[in-house]
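**Q** need a structure here:
(chains A and B)
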Amino acid sequence: MSPLSLALWTPLACLFVLLALPSSQKTAIKLWANISAVLGLLTMLPLITGYDRSNGGFQFVERAEWIPSLGIQYYIGIDGISLLLMVLTAVTAVVATLSSWEAIQDRLKQYYAMLLLLQVGMLGVFASLDFILFYVFWELVLVPMYFLIGVWGGPRKLYAAIKFFLYTLAGSVLMLLGILTLYSQHWTQFGTPTFEIDALLRLTMPFWMQQWVFWALFIGFAIKVPMFPFHTWLPDAHTEAPTAGSVILAAVLLKMGTYGFLRFSLPLLPQASMDRTIVQVVVGLSLIGILYGALVCLMQQDWKRLVAYSSVSHLGFCTLGIFSLNPNGIAGSVIQQLNHGISTGMLFLIVGVVYERRHTREISEYGGLAHRMPLFATVFAFAVLSSAGLPLLNGFVGEFTILQGAFEANRWWAAMAVPGVVIGAAYLLWLYQRTTLGQITNAKNNHLADLSWRELAVFAPFILWAFSIGLYPKPYFEIIERPVARIVERVRPGYYQDRPPSPALAQAPHAAPHTAQGGAR
Amino acid sequence: MLVNFTPPSASEYIRVLPEILLTVGGTILMIAEGLAGERHRRGLAPMALAFLLLALGGAVVAGMDPGPAFNNMLTVDGYATFFRLLVLIVGILSVLISGSYLTRENADSADYYALILFSLCGQSILASANELIMVFIGLEISSIATYVLAGFLRNDKRNNEAAIKYFLLGSFATAFLLYGVGWIYGVTGTTNLQEIHRFLTSSESVYSPLLVSACAAMMFVGFAFKVSAAPFQGWAPDVYQGAPAPVSAFMTAAPKAAAFAVFLRVYSIAFSGLTERWQPILWVSAMATMVIGNFAALRQDNIKRMLAYSSVAHAGYVMVAVVAHSEAGVAAAMFYLASYAFMNLGAFAIVTHYVGKGERYVGIDDMAGYARQQPLIAALFTWFLLSLIGVPLTGGFFGKFYVFKSAIDSNLIWLTVLGLLNSAVAAYYYLRIIVVMYFHEPTNETGAAGPVPAGVRLALIGSAIGVFVLGVMPSAVLEFANRSAMLSR
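**A** Next up, the predicted model:
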């Protein structure tokens, strides 16, 4: 078995072992779930070490027939973009599993089973090179998430769970329509049934058809991202999900949408993706998302809902970067996807920590937490600063590169996105101030316990990762350099020839760290 | 015709082996009813099962030597074999879930099983009918047995209502069909499907296209009624709700599959020359069937009625494949009906067990907290419901996938869009059951979640495996459907 298949199916194997454990052995179940998550992370190591950065194509490729008569294959492989997102998935799984140790007391076995199933689905989405296989994993993610929200969620969990399921399903059936159209085109043009991406790349489609397919896929992906105006499921789902669910939703599930754009929309439909109207609409929606999400955050009374809306804003940056359609924009977007996973994941964990202690998410219930919980306040500060994009921390690198890319595409886009960064810092710092600084105003907060060792361990991977990306982002840019170049070359053939001798591509990895260390902002 | 009469050969008898076995089995069961005392009633279900398994073997044997039988009145091809096997499997699963239900209602009787066997015999004829008179005969055998089954608990008002409604409306619709058959004979001078096709496409024949279209339309009324396609779906919810639960399970799967089988055969052979005339009508019917089924199901609180509307909606998806009018469409319809049979039977099996004596607990809310009482059964129910929604890795997904693929191949873009959106709407009402089972706390009123009887358990396992195989390893069935989808003209 190749390393990629191993990474993909280890969680499933662990799931079967978990199911064999008796429900009464709570500690054993929890232990095994954590071991499984760590095993999942370990399976990433051969992928990281074996990955060849000089190769922009797919690596660790594996192919087997699944349903020959329909041309559906078990066809997997990864490039740098998938690799980063898969590692993010594995790390998030470890964090999410460990964070549930005390928070979840009810129906433990089912809970961890859902987490593992979710992990299989997410990894599969990032590893699939067959469109139907991708779709299968994409939908597979829906079911465990639905149960995580619906069974272990907050007070309005039923509404949130159903809304999440229906929204995503509506998007994905339209996506299926797009997939079927591509398939049917391939059938008429080449006479063979196939869903594999490399084969679909050879299609020559009339522009109007590309446009239709683009919008069909767009709705599927945009709902998942979520882009304005398809974002309304997100605040509910995030707010009502259990902490681990919110972390996974924010850190990984949303990236499935942006990943879809990068892997499918852009390469398969280059003309439509380059089309002026389409780009303007998509960028317009991204900019609205950035500003609207940020402004709504300022108004939130609910701590978790605030974090949820901040995702809308941050993901707006990601889609803006993608549709800048240049190396900086896309590379920045990928890095920002990683960063958003780390920083928003931390913010949700923070909410989880206080929620476990006080069982309320109202911001006004808190205040002056730093007096009682100094460790917590420090970690929270990290999370806030990383999310707000402070230089030396991860958030800055991504946002800055995206803005560079946007500036290159159209300087007005960059100009309009910058207020998003500013408001972003504002709502986060204001949140920090209202909850953590000042005097303790609510007597109930007088006896809160600080972070335990376990909780610190939960935060540790994210904090370390945030630092490492912020200080030295070069390896990350190197990993995605070639894959990004392939996408750009596909959408804008000859892009690199038109550039001056030192291409923007080569600058991108170096430019960001230099400016970061200089603290240019 | 009589001049050319040659007595049927032995291989022709073998080709109707399942029908023979089912008839003999049904008759023996009816005799056994009289001979067996009250105490031996329990042996009836296994006996019926034995006959069904024999018939299943018979269908396999018959399928190994394909060809026409009885002067080309029947034709045993891969297509016929596929549907014969399908309805027989549905029959087996239905018998498995019936035993405990009948015992609970004090209605153990061989008649019940005999009727199921006779009904299956009719459906088996329908699957292989190559001629309109045989179509009519098959349809009547199947229907009359089902009318009686629908009212089997004769002291139950709901049963009576269902049976009467089904019988009156059903006879009326069959009359339309028969009238259409009469007309088409008047126009073409034959009832053989291939000959009708030849007559209608030959340049030498003289006929009024309008008249032939009217024939096709009248036959559509008959078929649409049997498959519960709009605008003739009105009876379905009442009958499926009123009939005994295992009978509803049977009716939503087997007679429907057989009716679709003959519907497809008649329209893709006899009327294939008139495609542009009937396609628009079927297009509208398919669309309306999906929309009515799904949107009406959204509002139901009775679980049987909800599954009834869902059955209408699923007929709509199959209609999409019929409209596609291609080999891929035929294969898609076959695959879809097979996967629907399993997921639907599975869901109904649980309902059959759950409703309790006198079918008291038929509200969706009665399932509150079921996941805590019976985690395994609830998980299986979830599995079937996810398949009904069409989530990947279940049979329902590849069914829908295949249907819509064939529709796209036939350029039915808008019908596909509508169908896909419909399947997203449908998720809502299926999820409602999951919500109630998993997210609601059990109430005192919640009912008979007693131990699951062995028969129901077997049927559940069988259906679950069916849904799994069709969802994860569909290749074998798909290829069989693809090979059999070419109907000889």
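**Q** Can you give me the neighbour number for A:A425?
**A** A:A425 has 18 neighbours, counted by other CB atoms under 10 Å in any protein chain shown. Quick note: C-beta positions are derived from backbone N, CA and C, even for glycine.
**Q** tell me which parts of the stretch 251-400 of chain A are close to chain B?
**A** Counting by CB under 8 Å from any CB of the partner chain, no residue of the stretch 251-400 of chain A lies close to chain B.
**Q** Distance of B:N159 relative to chain A?
**A** From B:N159 across to chain A, the span is 35 Å (CB to the nearest CB, to the nearest Å).
**Q** so does the least confident helix or strand in chain B by mean pLDDT get close to chain A?
**A** Ranked by mean pLDDT, DSSP states H and E, the helix or strand of chain B with the weakest confidence is helix B:370-373, at a mean of 82. No: on the criterion CB under 8 Å from any CB, helix B:370-373 is out of touch with chain A, staying 8.7 Å away.
**Q** Packing partners of that helix?
**A** Judged by 3 or more CB pairs under 8 Å, 6 or more residues apart in numbering or on different chains; DSSP states H and E, helix B:370-373 is in contact with helix B:375-389, helix B:413-439.
**Q** Run the angle between the next helix or strand after the first one and helix B:375-389 for me.
**A** What it means is helix B:375-389. For helix B:375-389, the succeeding helix or strand toward the C-terminus, using DSSP states H and E, is helix B:395-409. If you take axes from the mean of the first three to the mean of the last three CA atoms, to 10 degrees, helix B:395-409 sits at 0 degrees to helix B:375-389.
**Q** before we move on, back to that, residues in contact with the least confident helix or strand of chain B: which ones?
**A** Under the contact criterion CB atoms under 8 Å, 6 or more residues apart in numbering or on different chains, helix B:370-373 has outside partners B:Y354, B:I377, B:A378, B:A379, B:F381, B:V436, B:M437, B:Y438, B:P442, B:T446, B:A449.
**Q** Just give the closest residue to the first one, not the sequence neighbours.
**A** Spelled out, it's B:Y354. Take B:Y354 and drop its neighbours on the chain: the residue closest to it by CB to CB, 6 or more residues apart in numbering or on different chains is B:Y361, 6.2 Å away.
**Q** Which secondary structure state is assigned to the one you found?
**A** Three-state call for B:Y361 (DSSP: H, G, I helix; E, B strand; the rest coil): coil.
**Q** Determine which two of the contacts of helix B:370-373 are furthest apart.
**A** B:A379 and B:T446 (17.8 Å; CB to CB).
**Q** neighbour-wise, which of these two wins?
**A** Using other CB under 10 Å as the criterion, B:A379 and B:T446 rank with B:T446 on top: 19 against 14.
**Q** would you turn the helices and strands packed on helix B:370-373 into a markdown table with mean pLDDT and distance to A:T43?
**A** Shown next, in a markdown table, are these (pLDDT from 0 to 100; distance: least, CB to CB, whole Å):
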| stretch | mean pLDDT | distance to A:T43 |
| --- | --- | --- |
| helix B:375-389 | 92 | 28 |
| helix B:413-439 | 89 | 31 |
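**Q** wait, which of these is closest to chain A?
**A** helix B:413-439 (4.0 Å; CB to the nearest CB).
**Q** Just the element for A:L392, please.
**A** Applying DSSP H and E, one finds A:L392 in no helix or strand.
**Q** rewinding a little: now the helices and strands packed on helix B:370-373 as TSV including distance to B:R42?
**A** Below are the helices and strands packed on helix B:370-373 laid out as TSV (distance: least, CB to CB, whole Å):
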stretch	distance to B:R42
helix B:375-389	24
helix B:413-439	32
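**Q** possible to save those helices as a markdown table with distance to chain A?
**A** Below are the helices and strands packed on helix B:370-373 laid out as a markdown table (distance: least, CB to the nearest CB, whole Å):
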| stretch | distance to chain A |
| --- | --- |
| helix B:375-389 | 7 |
| helix B:413-439 | 4 |
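**Q** Break down the stretch 201-350 of chain B into its helices, ranges please.
**A** B:209-227, B:235-242, B:245-265, B:275-298, B:303-324, B:327-354 (DSSP state H, counting those that start in this stretch).
**Q** Let me have those in a markdown table, adding mean neighbour count as columns.
**A** Listed next are those as a markdown table, based on neighbours: other CB atoms under 10 Å in any protein chain shown:
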| stretch | mean neighbour count |
| --- | --- |
| helix B:209-227 | 20 |
| helix B:235-242 | 24 |
| helix B:245-265 | 27 |
| helix B:275-298 | 19 |
| helix B:303-324 | 27 |
| helix B:327-354 | 27 |
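**Q** if we can go back for a sec, CA-only coordinates of the least confident helix or strand of chain B in PDB, if you can.
**A** C-alpha atoms of helix B:370-373 as PDB (Å, rounded to 0.1, in the frame of the first residue of the first chain):
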ATOM      1  CA  TYR B 370     -35.400   5.400  18.800                       C
ATOM      2  CA  ALA B 371     -31.600   5.600  18.500                       C
ATOM      3  CA  ARG B 372     -31.300   5.200  22.200                       C
ATOM      4  CA  GLN B 373     -33.600   2.200  22.400                       C
END
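**Q** Flag every buried residue along that helix.
**A** B:Y370, B:A371 (16 or more other CB atoms under 10 Å in any protein chain shown).
**Q** Please compute how far it lies from its chain's middle.
**A** Distance of helix B:370-373 from the chain centroid (CA atoms, centre = their mean, to the nearest Å) equals 31 Å.
**Q** Over to stretch B:467-482?
**A** That offset, for stretch B:467-482, works out to 18 Å (CA atoms, centre = their mean).
**Q** which residues are contacting that stretch?
**A** Contacts of stretch B:467-482 (CB under 8 Å, 6+ apart): A:66-70, B:78, B:82, B:327, B:330-332, B:334-335, B:338-339, B:342-343, B:346, B:383-384, B:387, B:392-399, B:402.
**Q** For the host helix or strand of B:Y112, name the packing helices and strands.
**A** Using DSSP H and E, B:Y112 falls within helix B:110-128. Applying 3+ CB pairs under 8 Å, 6+ apart, we find helix B:110-128 packed against helix B:17-35, helix B:44-64, strand B:74-76, helix B:78-104, helix B:132-150, helix B:245-265.
**Q** Just name the most buried of these.
**A** helix B:245-265 (a mean of 27; mean count of other CB atoms under 10 Å in any protein chain shown).
**Q** and it, what other elements does it pack with?
**A** Packed next to helix B:245-265, using 3+ CB pairs under 8 Å, 6+ apart, are helix B:78-104, helix B:110-128, helix B:132-150, helix B:209-227, helix B:235-242, helix B:303-324, helix B:327-354.
**Q** Between helix B:235-242 and that helix, find me the angle.
**A** Using the same axes, to 10 degrees: helix B:245-265 against helix B:235-242 is 150 degrees.
**Q** Am I right that B:L120 is in contact with B:L21?
**A** No: using CB atoms under 8 Å as the test, B:L120 is too far from B:L21 to be in contact (10.2 Å).
**Q** what do these two both touch?
**A** Counting by CB under 8 Å, 6+ apart, the residues touching both B:L120 and B:L21 are B:A55.
**Q** related to what we said a few turns ago, with respect to A:Y51, which of the helices and strands packed on helix B:110-128 lies nearest?
**A** If you check each of the helices and strands packed on helix B:110-128 against A:Y51 by CB to CB, helix B:78-104 wins as the nearest, at 47.8 Å.
**Q** Let's test this: mean pLDDT of the helix holding B:Y112, rounded?
**A** Helix B:110-128 carries an average pLDDT of 93.
**Q** now stretch A:426-443
**A** 87.
**Q** Which residues does it contact?
**A** Against stretch A:426-443 from outside (CB under 8 Å, 6+ apart): A:294, A:297-298, A:303, A:306, A:310, A:354, A:363-372, A:376-377, A:380-381, A:384, A:387-388, A:446.
**Q** among those, which are in helices?
**A** Residues of those located in helices (DSSP state H): A:294, A:297-298, A:303, A:306, A:310, A:354, A:369-372, A:376-377, A:380-381, A:384, A:387-388.
**Q** among the residues you listed, which ones are buried?
**A** Buried among these by 16+ other CB under 10 Å: A:294, A:297, A:303, A:306, A:310, A:354, A:369-372, A:376-377, A:380, A:384, A:387-388.
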